[in-house]
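> Model the structure of this input:
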Amino acid sequence: MFQSLSDRLTKVFGKLTGRGALTETDVTEALREVRVALLEADVALPVVKDFIAKVKDRAVGQDVLRSITPGQMVVKIVHDELVAVLGGAEGVAAGLDLQAVPPVPVLMVGLQGSGKTTTSAKLAVRLKADRKKVLLASLDVYRPAAQQQLEILAGQAQVGSLPIVAGEMPVAIAKRAMDVGRREGYDVVILDTAGRLHIDQELMAEVAAVRDAVNPHETLLVADAMTGQDAVVLAREFNEKVGVTGIVLTRVDGDSRGGAALSMRQVTGRPIKYLGLGEKLDALEVFHPDRLAGRILGMGDVVSLVEKAMSTFEQDEAEKLAKRIQKGKFDLEDMLTQLKQVEKMGDLKGIVAMLPGLGKMGDQLKNANIDNKAMGRQKAIILSMTIKERRNPDLIKASRKRRIAAGSGTDVQDVNKLLKQFQQMADVMKKASKLGVKGFARHGLGGLMPPGMGGGRFGR
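Coordinates of the predicted model:
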């Protein structure tokens, strides 16, 4: 999501930051391109008009036009206004507000197919990680096997699931769920309501009846980011007729143009609380306006990248590797461990997109053919080696390479490529051990780069 918008904005601001001085005409022309980019990204017209007006008021001021780096000042203003549009200016706390007497009822609403049921389970996983006792209850008595689906997901998430009673209607199910929650000491009860293919009076009346019965502390609207402008209409309708406290955008990892995220918060006045980034139950992230604004403008999102790494990297393995590096040791078993750790972090393009400055390389990254299966092939090659070969790669000569290639379903050329990559990594590790902390501070990353990878160029 946002890739097309990010590419367009990066090009626009690249022109501005490349100039030593700016005129009011320069800023006006740049904002005209920003306006077109936002509209093409499915941002609602009223939101675009308001956004451009606010940016222009600040950007054509004398402080900007006379500043030492006017182009960068304009980018900062756009960043600040993006954060404000996304809900960051008011300092809304990220995630759920659970400051209420338990069990805290959380109502999940939205259209059919938006990912409500899966999102309910994902939310339960997050809350369980925060040591909350969670009960999931399905109020969808219309869609075939909907209640069974949530029951299965609850089992996968290892959280409580309200037993299914045939013929029971949504309001009665909600009341029973709250009663069970009170009697069995649950902290949170997540109520997954039924959806429809489109908004209708019957749907709104049922959701409103459930709301009145349980008085939810949080009502989350689950919306598919792929629906574009329709998502804005959906958000307005649910907010006016039912009342929502927050929004969860699903399928954010898809090819949506991102306008829904920029519009929904502005149109409803309700914060986006979570982003759904995949089908797995751990693929739900707390929404941070400032981080997303940075990614849209090609500034990266190092904080999210570090958090992702911290949540997937195993501390014991990292400490073992650190001790080996200090001793100047690094073998193919260490490389295998690193491949497994990086693989846990997910899609490589998603990881690369979080790195600062790479927004300016949008076209190059698209054409780079980043292959998520490459790590799988590399793992297969290493796993086809004997323990002795992994610990002493110098043993791997022609006949052994042929055996390893056959065992991993690859070519000898692939084995040679992996061994070359390993040797480069080993050289870096040896340099790191020799430089030490003071040496690294003096020479920086450039002191660790293998031959051919320094001087700001990519190695081959």
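> What segments of the stretch 151-300 of the chain are helices?
Secondary structure of the stretch 151-300 of the chain (DSSP state H, counting those that start in this stretch): helices at 170-183, 201-214, 229-241, 259-268, 289-296.
> what's the answer for the stretch 1-150 of the chain, then?
3-17, 24-40, 45-59, 62-65, 70-86, 116-129, 146-157.
> what's the offset of the fifth one from the middle of its chain?
Put plainly, it is helix 70-86. Distance, stretch centre to chain centre, for helix 70-86: 21 Å (C-alpha atoms, centre = their mean, to the nearest Å).
> In JSON lines, list the helices of the stretch 1-150 of the chain along with mean neighbour count, mean pLDDT and distance to residue 167.
C-beta here means a position set from N, CA and C on the backbone, and glycine is covered the same way. Formatted as JSON lines, the helices of the stretch 1-150 of the chain follow (neighbours: other C-beta atoms under 10 Å; pLDDT from 0 to 100; distance: least, C-beta to C-beta, whole Å):
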{"stretch": "helix 3-17", "mean neighbour count": "19", "mean pLDDT": "71", "distance to residue 167": "48"}
{"stretch": "helix 24-40", "mean neighbour count": "17", "mean pLDDT": "82", "distance to residue 167": "50"}
{"stretch": "helix 45-59", "mean neighbour count": "17", "mean pLDDT": "83", "distance to residue 167": "45"}
{"stretch": "helix 62-65", "mean neighbour count": "14", "mean pLDDT": "58", "distance to residue 167": "66"}
{"stretch": "helix 70-86", "mean neighbour count": "20", "mean pLDDT": "77", "distance to residue 167": "44"}
{"stretch": "helix 116-129", "mean neighbour count": "23", "mean pLDDT": "93", "distance to residue 167": "20"}
{"stretch": "helix 146-157", "mean neighbour count": "18", "mean pLDDT": "93", "distance to residue 167": "12"}
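> so can I have JSON lines of the ones you listed showing distance to residue 336?
Listed next are those as JSON lines, based on distance: least, C-beta to C-beta, whole Å:
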{"stretch": "helix 3-17", "distance to residue 336": "32"}
{"stretch": "helix 24-40", "distance to residue 336": "43"}
{"stretch": "helix 45-59", "distance to residue 336": "48"}
{"stretch": "helix 62-65", "distance to residue 336": "52"}
{"stretch": "helix 70-86", "distance to residue 336": "40"}
{"stretch": "helix 116-129", "distance to residue 336": "28"}
{"stretch": "helix 146-157", "distance to residue 336": "28"}
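> got any ranges where the stretch 151-300 of the chain has weak pLDDT?
Where the stretch 151-300 of the chain drops to pLDDT under 70, the residues are 228-229, 253-261, 295, 297-300.
> sorry, back to before: most tightly surrounded among the helices of the stretch 151-300 of the chain?
Mean neighbour count (mean count of other C-beta atoms under 10 Å) peaks for helix 259-268 among the helices of the stretch 151-300 of the chain, with a mean of 25.
> I'd guessed residue 34 sits against residue 12; true?
Yes - contact criterion C-beta atoms under 8 Å: residue 34 and residue 12 qualify, at 5.9 Å.
> before we move on, back to that, list just the one of the helices of the stretch 1-150 of the chain that sits closest to residue 217.
When the helices of the stretch 1-150 of the chain are ranked by distance to residue 217, counting by C-beta to C-beta, first place goes to helix 116-129 at 13.0 Å.
> Check which helices and strands the closest one is in contact with.
strand 104-109, strand 134-138, helix 146-157, strand 188-192, strand 218-224, strand 246-250, strand 272-276, strand 284-286 (3 or more C-beta pairs under 8 Å, 6 or more residues apart in numbering; DSSP states H and E).
> any idea of the angle that helix forms with helix 146-157?
30 degrees (axes from the mean of the first three to the mean of the last three C-alpha atoms, to 10 degrees).
> and the gap between residue 237 and residue 117?
21 Å (C-beta to C-beta, to the nearest Å).
> Please tell me I have it right and residue 154 contacts residue 124.
Yes - in this structure residue 154 lies within contact range of residue 124 using C-beta under 8 Å: 7.0 Å.
> who touches both of those two?
Contact criterion C-beta atoms under 8 Å, 6 or more residues apart in numbering; residues shared by residue 154 and residue 124: residue 136.
> which residues touch the nearest residue to residue 266 once chain neighbours are set aside?
Nearest residue to residue 266, sequence neighbours excluded (C-beta to C-beta, 6 or more residues apart in numbering): residue 47, at 4.7 Å. Residue 47 is in contact with 38, 85, 262, 263, 266, 267, counting by C-beta under 8 Å, 6+ apart.
> pretty sure the fourth one contacts residue 43?
Meaning residue 263. Yes - in this structure, residue 263 is within contact of residue 43 by C-beta under 8 Å, at 5.4 Å.
> hang on, the earlier thing: just the closest of the contacts of residue 47 to residue 329, please.
Nearest member of the contacts of residue 47 to residue 329, counting by C-beta to C-beta, is residue 262, at 49.5 Å.
> what about the closest one, distance to residue 239?
For residue 262 relative to residue 239 (C-beta to C-beta), the value is 17 Å.
> swap in residue 374?
According to C-beta to C-beta, residue 374 and residue 239 sit 45 Å apart.
> Over to residue 140?
21 Å.
> how close does residue 405 sit to residue 425?
Residue 405 is 20 Å from residue 425, by C-beta to C-beta.
> Quick check: nearest residue in space to residue 249, chain neighbours excluded?
Using C-beta to C-beta, 6+ apart, the closest residue to residue 249 is residue 225 (4.7 Å).
> What is the neighbour count of the one you found?
Residue 225 has 27 neighbours, counted by other C-beta atoms under 10 Å.
> which pair in the contacts of residue 47 spans the largest distance?
Maximum pairwise distance in these, criterion C-beta to C-beta, is 14.2 Å, between 38 and 267.
> rewinding a little: would a markdown table of the helices of the stretch 151-300 of the chain with distance to residue 339 be doable?
Written out in a markdown table, the entries for those read as follows (distance: least, C-beta to C-beta, whole Å):
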| stretch | distance to residue 339 |
| --- | --- |
| helix 170-183 | 43 |
| helix 201-214 | 47 |
| helix 229-241 | 38 |
| helix 259-268 | 33 |
| helix 289-296 | 26 |
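> Figure out which of the ones you listed is closest to residue 5.
That would be helix 289-296 among these, by C-beta to C-beta, at 6.2 Å.
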